[in-house]
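Peer 1: Test case, fold it:
(chains A and B)
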Amino acid sequence: MPEGDAPQGGGGQVLLSRRQILTGTSVGIGATLLFHRAARNRVEPPPARPATPAQPGVAAVPGATPRRSGAATAQAPAQPSAPTQPSAAAGDRGGPPAIHRAQLADSGQPRAVAKSDAGVLVMGMSAGGDPLGWLTDDGRQWVEHTLGTTERQTAEVWGVAPYAGDFVAVGATTEHAERRIAESGIVPGPDTQVTFVQRRRAPTVWRTSDCIEWSGQSFEHVVGAHAHLIAVACDGSRLVAVGATLDEDGAQGVQGLVLTSTDGVSWRRVVLGAAGDLAEGAFTSVAVGDDGWYATSVDIDGGTVWWSSDGWRWSVVEGSSDAFRGITLQGIGIDRNRILVAGTGLFDTDPRYFVSRTGGRTWRKAKLDVSLLAGRDALVGDLSVISGDVVVVGTHRGAPVLEGGQLHAAH
Amino acid sequence: MPPTESAYRTIGGIPLRYVRTSPALTRVYVRSTYEFEDKLDRFSNNLASAAPSRYGRLQWIATAGAYVNKPGYHGMGRAFDLDTVKWRNVACRPIRGHHRSDHLARRRRYIGVDALARRWFKYVLDAWYNPAHRDHIHLDDGGGALVFNTGYRSDTVFIQRAANLMINADLAIDGLYGPLTDAAFHKMKNRVDVPHRVHVSPRVYRRFLWRLAIHALRNKPL
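Peer 2: Numbering: from 1, shown residues only, chains lettered A, B, ... in the order given. Down below sits the predicted model:
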């Protein structure tokens, strides 16, 4: 089995209180992150959509047709039967409304979305660069949680997935060293210019059950000085987190990074070999379906799709690099036998959506039921399939948006 | 600041091209923050003004992308990948491996362009930095103040290669800033009459880079 030679992951696991975080007493890689309530955002009611005939294998409009059961989804640990994304029809009948479209706040950049027992969580980055989460447990209001970080240590959260009723989030914790620069050469002095340079960027995994208290662990001893995780997925028992190792100065990605875990605590690194070299790139998303795991990567030339039967042995899906030359890939979701990806051109920001029914060997453009996350005013952050529904997050004219789109057709 | 707040197809008035998909020149728009665009404009102006007259007019610059929707500084709209700088009569083509050209003039031209980039961007990752950059030069404005940092591999391999090309220092390009590299760097600074405060003074370091570039673009040793 092609495993890394550095098993037994896990830095120190720490659980801190809100008070500790807010008073600035929480420092150190591997420490807990705490999100505190910042704001509430209204959910836009689901738009009235024309009844469209269901396509074979196509997710139905929420409420228009019964949601499939037993479909392989991108994030599919055991889920409760009570829906946290009720259909539009259920909303019409007085139940919780469907989350078809939500404008989350007036700033921030969503990067990932997942559903767990606690509700639907969108993770992203605030306008100031800090981690930010939006959580709803009723489909009506989103509670915004921001993350407290220090000047010397910052965190980035890129991916999130449900795991055993909790959320698992991945990203990086970066330690900064202070440098004082003065034109006069006298340090320190009144003209001193203080800069912070990156000392260590450690891939980090956080876990929470309530989005209030987060326990985190970092893995610098598994992957070296600089690395980050970008996405995570779970098949109910195994977690797979993907990202990249960075170059010596911590400036750019050089090689893909895959970590796996069966308990959420001990993580092992997968050996990718030379195929994992990604110039200025990273793995950007991962999902699991009936026939195995799929992941996307980007490098300077564009995107690539990867496949693994077991999360350990990864290979490039033939032809995918050519299909996505000039296109970066941000998200991947699996809906029964179809793989969906979201991408962006190297030179324009228009979201692009693609679908494959051939295990990733051939791709066609897909039309999703999105109106805000399409066109030149949109930036797509992630695509996921949640309970059989295709959900996209991103920004529209700079405002964070979630759209639960319905895949109309591939053409 | 939004990473895509500015969209443009010229930097410093010089058209941007994309040359990776076909030999044909493709005009492209790139996006970045306004602040980063301003730095690119200044870099482009330097490329035009530092070149000797025999190069001719600066015609176009090829890029592999600025804002790109992916992790890192590209995703922040604060990075730019440089494939080619084309003057009317000559070119510097990182995409074709000019850093290892048989012609000394081309290798020095590469160092000259590299040096000018470092006047505006702290992280300049070139062909000697790692194999990922053998076909382009990455520029971004992370990494702190614009001073020479002995702890950065990206700074050290540049000085080592520049010393080999400009004063025949015969240094190993290993990214380790030791006494031999330090001595060669001192020698270069003395040759261009720049004080030894490049570690603390952005102004002094940028002056050194300018004078290094002037010599390198003219294929003249220090």
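
Peer 1: B:Arg42: neighbouring residues, count only.
Peer 2: A total of 15 residues lie near B:Arg42 under the criterion other C-beta atoms under 10 Å in any protein chain shown. Glycine gets a C-beta too; all of them are placed from N, C-alpha and C.

Peer 1: Let me know whether the host helix or strand of it sits next to chain A.
Peer 2: Following DSSP states H and E, one finds B:Arg42 within helix B:34-50. No: shown here: helix B:34-50 not in contact with chain A (C-beta under 8 Å from any C-beta of the partner chain), separated by at least 14.2 Å.

Peer 1: pLDDT below threshold where in the chain?
Peer 2: This is for chain A. By pLDDT under 70, the weakly predicted segments of chain A are A:1-99, A:106, A:148, A:151, A:178-198, A:405-411.

Peer 1: hmm, I had chain B in mind actually
Peer 2: B:23.

Peer 1: Can you tell me which residue is spatially central in it?
Peer 2: B:Asp114 (2.5 Å; C-alpha atoms, centre = their mean).

Peer 1: Report the backbone C-alpha coordinates of the helix holding B:Arg42 in PDB.
Peer 2: The C-alpha coordinates for helix B:34-50 follow below in PDB (Å, rounded to 0.1, in the frame of the first residue of the first chain):
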ATOM      1  CA  TYR B  34      -5.300  47.900  -8.000                       C
ATOM      2  CA  GLU B  35      -2.200  48.000  -5.800                       C
ATOM      3  CA  PHE B  36      -0.600  45.000  -7.500                       C
ATOM      4  CA  GLU B  37      -1.500  46.400 -11.000                       C
ATOM      5  CA  ASP B  38       0.400  49.600 -10.000                       C
ATOM      6  CA  LYS B  39       3.500  47.500  -9.200                       C
ATOM      7  CA  LEU B  40       3.200  45.700 -12.500                       C
ATOM      8  CA  ASP B  41       3.000  49.100 -14.300                       C
ATOM      9  CA  ARG B  42       6.200  50.200 -12.600                       C
ATOM     10  CA  PHE B  43       7.900  46.900 -13.500                       C
ATOM     11  CA  SER B  44       6.900  47.300 -17.100                       C
ATOM     12  CA  ASN B  45       8.200  50.900 -17.100                       C
ATOM     13  CA  ASN B  46      11.500  49.600 -15.800                       C
ATOM     14  CA  LEU B  47      11.700  47.000 -18.500                       C
ATOM     15  CA  ALA B  48      11.300  49.700 -21.100                       C
ATOM     16  CA  SER B  49      13.600  52.300 -19.600                       C
ATOM     17  CA  ALA B  50      16.500  50.000 -18.400                       C
END
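
Peer 1: Just want the angle from the helix or strand following that helix to helix B:34-50.
Peer 2: Moving toward the C-terminus from helix B:34-50, the next helix or strand (DSSP H and E) is strand B:58-65. Angle of strand B:58-65 versus helix B:34-50, following axes from the mean of the first three to the mean of the last three C-alpha atoms, to 10 degrees, is 140 degrees.

Peer 1: for the helix or strand following strand B:58-65, packing partners?
Peer 2: Per DSSP H and E, the first helix or strand lying C-terminal to strand B:58-65 is strand B:79-87. Here strand B:79-87 touches strand B:30-32, helix B:34-50, strand B:58-65, strand B:91-92, helix B:104-118, strand B:137-140, going by 3 or more C-beta pairs under 8 Å, 6 or more residues apart in numbering or on different chains; DSSP states H and E.

Peer 1: What's the local residue count around residue 107?
Peer 2: With no chain named, the answer covers chain A. A:Ser107 has 15 nearby residues by other C-beta under 10 Å.

Peer 1: wait, I meant chain B there
Peer 2: The local packing of B:Arg107 (other C-beta under 10 Å) involves 19 other residues.

Peer 1: now swap in A:Ala274 and tell me
Peer 2: A:Ala274 has 6 neighbours, counted by other C-beta under 10 Å.

Peer 1: Ok, B:His138 next?
Peer 2: Counted with other C-beta under 10 Å, B:His138 comes out at 29.

Peer 1: OK, contacts around it?
Peer 2: The neighbours of B:His138, taking C-beta atoms under 8 Å, 6 or more residues apart in numbering or on different chains as the test, are A:251-252, A:280, B:79-82, B:123-125.

Peer 1: gap between it and B:Tyr67?
Peer 2: Here B:His138 is placed at a distance of 14 Å from B:Tyr67 (C-beta to C-beta, to the nearest Å).

Peer 1: my read: B:Gly89 touches B:Gln59, true?
Peer 2: Slight slip there: residue B:89 is Asn, not Gly. No: contact between B:Asn89 and B:Gln59 fails when scored by C-beta atoms under 8 Å: they sit 9.6 Å apart.

Peer 1: What's opposite A:Gly289 in the beta bridge?
Peer 2: Here A:Gly289 sits in beta bridges with A:Gly292, going by DSSP bridges.
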